[in-house]
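Q: Got a sequence here, can you model it:
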Amino acid sequence: MFVDMILSFVADQVDSLTGQATQQVERLTDEVMGGIRQSMNPLRSGSWEGQGAERFYGEMEQVVFPMIVSIVTGGMDFTGMIRQAAGIITQADEAISGMFGGVVDMFDIF
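A: Below you'll find the model as predicted:
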């Protein structure tokens with residue numbers, strides 16, 4: 001019973017923390033991508049033209065931004081794996097509790 005309460009508390013904390021982590025990763029991504037794009041706006045509006053500018057814009061769109069998205073995806077995957085691990089622990093606890101509870105009931109220990 002006490003262990004169930006602790007695991008329930010821990011599971012709630014894990015859910016809360018992973019939710020916060022996901023929000024922080026999303027916020028950070030929006031800020032980084034938005035800041036970079038905003039910094040590029042003056043360049044795109046005619047401040048920098050030519051072949052070098054076009055290559056720079058292309059590399060930003062094809063290499064840098066996808067890398068940022070990849071980093072964010074990794075952060076999201078990490079929080080998802082933590083949630084999955086917490087779910088496995090909860091399932092194991094429920095299975096063990098069911099077996100242990102049956103033994104306790106058979107012998108009337110508690």
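Q: all helices of this structure, in order?
A: With helices called from DSSP state H, the chain shows them at 2-42, 51-59, 65-107.
Q: Can you add mean neighbour count and mean pLDDT and give the ones you listed back as TSV?
A: Where you see a C-beta, it was placed from the backbone N, CA and C, and this is true even at glycine. Listed next are those as TSV, based on neighbours: other CB atoms under 10 Å; pLDDT from 0 to 100:
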stretch	mean neighbour count	mean pLDDT
helix 2-42	12	82
helix 51-59	11	94
helix 65-107	12	76
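Q: What count of nearby residues applies to Leu43?
A: Residues near Leu43, counting by other CB atoms under 10 Å, number 14.
Q: In this structure it contacts Glu54, no?
A: No. Counting by CB atoms under 8 Å, Leu43 sits too far from Glu54 to count as a contact (11.0 Å).
Q: show me the contacts for Trp48.
A: Phe56 (CB atoms under 8 Å, 6 or more residues apart in numbering).
Q: Name the residue closest to the centre of this protein, please.
A: Ranked by distance to the mean C-alpha position of the chain (CA atoms, centre = their mean), the top residue is Met76 at 2.9 Å.
Q: need the contact list for it.
A: Residues in contact with Met76 (CB under 8 Å, 6+ apart) are 22, 25.
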